[in-house]
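**Q** Predicted structure and sequence below. I'll ask about it afterward.
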Amino acid sequence: MRENRAEEVMRLLRVTAVWLALSTWVLGVASAQESSQETGPMLEKFLSSSISVSGRPCGSFVYDGQPSSQFLGQWHREEKKMNNPQGSEELQITWHEPGGGLAATWTSKTIIEQGAVEFGWSFANEGRQPTRILSDVLSLDWDVVNGVLLSYSSGGGPGDFNGDDLGLELSQVTLADYSLGNRMTLGSLNGRSSTQFLPFFTLSAPDQSGGVFVGIGWTGEWRANFEIQRAQKTVRMTAQMPGIHLILEPGEKITTPTILLGSYQGGPAAGARALRRTLYERYMPRLGSERPEPPVSWNSWFQFGNGITEELLRPQIDIAATLGIEYFCIDGGWYEGDFPEGVGNWIADPKKFPDGFGSLGRYVASKGMKMGLWFEPERVATGTRLLREHPEWVHGNLLDLGNKDAREWAFQMMSRFIKEGQVGWIRFDFNIDPLVTWEQMDTGNRRGMAQIAHIEGVYELEDRLRAAFPELLIENCASGGRRMDLEIIKRSHTYWKSDQTYLLPVMTFHETGGNCFLPGVLLNANLLGIEHAPFDIHSLFGGPLGFGVDWVKLSEPLREQTRQQIALYKQVRRLLNEDYYPLFPQARNQAGWTGWQFHDPEADEGFVVLLRPAESAYEKASIRLHGVRDERSYRLTETATDSSSVMTGQALKAGWPLDLQPAASQVIRYAPAP
């Protein structure tokens, strides 16, 4: 199976290289005619119709009031090609302004195994005087075929089924639907990249024979516009960081959003699987030398808030260790002044932790776990120590990570606690909307500079932490899932997907939708109470298994249930980063069942989670599996009873009935029968 897939993505890679070459006029290594023999006619028609052949690059900018298409041909051009040992090919094209000044670099990285390409602009001032004004930088400017199906998701909001801020809700729209008007826009809100929409989506051909997945890498403000061009019967898609209007001082360099494009065969679900596979295999960082598996953790905040002390936590540590918890995480409120008023007082509160974190970290380690610690380095509350000592680094409540001295301070502060407490997990949080502050920091012809410098500073800080502590698990967070994008995923081993942790049905809704675009390891959540076991625990078998339970108050029978289900989870969790198939529609109510399948196409095995909510009147459901081979027999094991049966792949695809009691669940494992 994996060999067949590799052959297919190699064919798709050649097609991707063709349409990227034609739309950017920078690769120039193939033609549309050459691609016609490499792929099916409908996919080829979609891709070849989706490229601009008018000479306009798929990325552009305006310099001194002129579009780049009007002058780059007269600038001196340099090419640099590199082969990456990880299986990617990189091409850099730099255009130099005559007489010295602006250097515009377009970098394109071809990811061979996934048949994908990542590209984007960077700019530098090579002269001795300020450049002229750079504006309207489009990281993507591309025409897609009329009638394309856009599949996308809302961001990591904490809402409920009755509100407008429901996170990770899936949507689809046909871009030839003129009732939408002439333009549709996806984007961020107030400077955090996934507050409103995820910067990941798919564009499928009208007959769903294939398409392109898209990822945007920018941890600030971004926009993707889809403008219907009726005369041409196409849709113009652009993506950018809006608001850039700036000069570069001598020696300055900046980066702008990156774009990931990858081709696939099939409909939107196939595109989403290709995207999440690419993110996990090529973008997520290693944890030590290994790709990260979904962790099992406990977090203090939603149970104890600011009321944590070392004395209170030690009994929780004792019990957590017996249950199979791997990371024991101390959230906000460990410093002087509590959360949020004390953010900026990065001193362990001596009333709560009289010996700092040294003894507690050693105690956690002695129990076979790793300690986790919460940080919010970019935020500075009024009146805190950091603001008093370094007011020049702070704008509003934002620590300017564009300032190298501020970045160095943040790195040293975090490193000190990581070393002292033998910390193995950090939550890197960000609970304010920065856009207004960035705009206030910009003056004259420098609009956008504060945001660019800050975002580059975030990347540098997290990269330094990963380099200094390669075994450190980094969980990114921004009031929940409000800062999930291609670039932050490069620096995340997991992600706190939403602050909605009180309503379990909504959390399950998030896992159902989130897995359609993101690897399961990124969808962290905490179960705050265990009322219906194992149903409640199985509801989070779509991402990392996190708890916010008061273990001391939990009964021994429920502790034993938890111990058993954690052990089961550890047996199946590696599959959460394999192919994902939702078994029921994502719904804003509990009338039906919920469930999903994760399938490893190489090992040809997987597992299924089935959940019947207490409110559901449906006693039975017919389950149809995906990815299995018709001719092969599979052994299915119902994990609660350890009972098994054998069925053919053909029968599993056709469906078989299962029944559940209200508030009951099943986890079924399957693998080829001997």
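**A** The structure has been received and is ready for your questions. Numbers count the residues shown, from 1 in each chain.
**Q** What backbone torsions are found at the residue in the chain sticking out farthest from the centre?
**A** In the chain, the residue that sits farthest from the middle, by CA atoms, centre = their mean, is G99; the gap is 42.1 Å. Dihedral pair for G99: phi 80, psi 0, per degrees, to the nearest 10.
**Q** Can you give me the separation between it and Q129?
**A** 10 Å (CB to CB, to the nearest Å). Bear in mind the C-beta positions are built from the backbone N, C-alpha and C, glycine included.
**Q** Quickly note the distance from the residue lying closest to N146 once chain neighbours are set aside to E126.
**A** Closest residue in space to N146, ignoring its immediate chain neighbours: K233 at 4.3 Å, by CB to CB, 6 or more residues apart in numbering. Separation of K233 from E126 (CB to CB): 43 Å.
**Q** And those two? Which one has more around it.
**A** E126 (16 against 12; other CB atoms under 10 Å).
**Q** SS state for the residue lying closest to the more buried one once chain neighbours are set aside?
**A** Distances taken as CB to CB, 6+ apart place A103 nearest to E126, at 5.1 Å, with adjacent residues excluded. At A103 the chain is in strand, as set by DSSP: H, G, I helix; E, B strand; the rest coil.
**Q** Return the distance of A103 relative to Q129.
**A** From A103 to Q129 the distance is 14 Å (CB to CB).
**Q** Equivalent analysis for G344, please.
**A** 39 Å.
**Q** neighbour count winner among these two?
**A** The residue with more neighbours, out of G344 and Q129, is G344; 26 against 11, by other CB under 10 Å.
**Q** Contact partners for the residue nearest to E126?
**A** By CB atoms under 8 Å, 6 or more residues apart in numbering, A103 lies in contact with 94-97, 123-126.
**Q** any idea which of those is the one closest to P544?
**A** F123 (38.2 Å; CB to CB).
**Q** And for L554, the neighbour number?
**A** 17.
**Q** no no, S69
**A** Count around S69 with other CB under 10 Å applied: 15.
**Q** Also T185?
**A** 12.
**Q** Same check on W409?
**A** 18.
**Q** Report the contact partners of the closest residue to S193 other than its chain neighbours.
**A** Leaving aside its sequence neighbours, S193 sits nearest to D485 (CB to CB, 6+ apart; 4.2 Å). Counting by CB under 8 Å, 6+ apart, D485 touches 193-194, 199, 215-219, 222.
**Q** Provide a ChimeraX selection command restricted to the buried entries of these.
**A** Selection command for ChimeraX covering only the buried members of the contacts of D485, criterion 16 or more other CB atoms under 10 Å:
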select :193,194,199,215,216,217,218,219,222
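**Q** What part of the protein, helix or strand, is modelled with the least confidence?
**A** helix 32-35 (a mean of 26; mean pLDDT, DSSP states H and E).
**Q** Grab the nearest non-local neighbour of the residue farthest from the centre of the chain.
**A** G127 (7.8 Å).
**Q** And the pLDDT at the one you found?
**A** Confidence at G127, expressed as pLDDT, is 95.
**Q** cool, the one 10 residues further on as well?
**A** On pLDDT, V137 comes in at 98.
**Q** Can I take it that it is in a helix?
**A** No: counting by three-state DSSP, V137 falls outside a helix, being strand.
**Q** From P340, how far off is it?
**A** From V137 over to P340 (counting by CB to CB), the distance is 35 Å.
**Q** For those two, indicate the residue with more neighbours.
**A** More neighbours surround V137 than the other of V137 and P340, with 25 against 16 (other CB under 10 Å).
**Q** Is that one in contact with W121, as I believe?
**A** Yes: at 5.8 Å, V137 counts as touching W121 under the criterion of CB atoms under 8 Å.
**Q** any shared contact partners between these two?
**A** In contact with both V137 and W121: 61, 256, using CB under 8 Å, 6+ apart.
**Q** where in the protein is pLDDT low?
**A** Confidence mapping of the chain against pLDDT under 70 gives the ranges 1-57, 85-87, 177-181.
**Q** Touching, A381 and E341? I think so.
**A** Yes: taking CB under 8 Å as the definition, A381 is a contact partner of E341 at 5.4 Å.
**Q** The two: which is more packed in?
**A** Ranked by neighbour count (other CB under 10 Å), A381 and E341 place A381 first, with 19 against 14.
**Q** and the residue nearest to E126, what are its bridge partners?
**A** On the basis of DSSP bridges, A103 takes part in beta bridges with H96, A124.
**Q** one step back: now do the phi/psi pair for the residue nearest to G99.
**A** Backbone phi and psi, for G127 under degrees, to the nearest 10, turn out to be phi -100, psi -170.
**Q** quick one, what contacts it?
**A** Contacts of G127 by CB under 8 Å, 6+ apart are 97, 99-102, 250.
**Q** repeat that with 10 Å
**A** 96-97, 99-103, 248-251 (CB atoms under 10 Å, 6 or more residues apart in numbering).
**Q** rewinding a little: which of the contacts of A103 count as buried?
**A** 94-97, 123-126.
**Q** For my notes, please list those in JSON lines and give distance to S154 for each entry.
**A** Below are these laid out as JSON lines (distance: CB to CB, whole Å):
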{"residue": "T94", "distance to S154": "38"}
{"residue": "W95", "distance to S154": "38"}
{"residue": "H96", "distance to S154": "42"}
{"residue": "E97", "distance to S154": "42"}
{"residue": "F123", "distance to S154": "32"}
{"residue": "A124", "distance to S154": "37"}
{"residue": "N125", "distance to S154": "39"}
{"residue": "E126", "distance to S154": "42"}
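**Q** Quick one: end-to-end distance for stretch 332-352.
**A** Using CA to CA, to the nearest Å, one end of stretch 332-352 lies 12 Å from the other.
**Q** from the chain's centre, how far out does it sit?
**A** 29 Å (CA atoms, centre = their mean, to the nearest Å).
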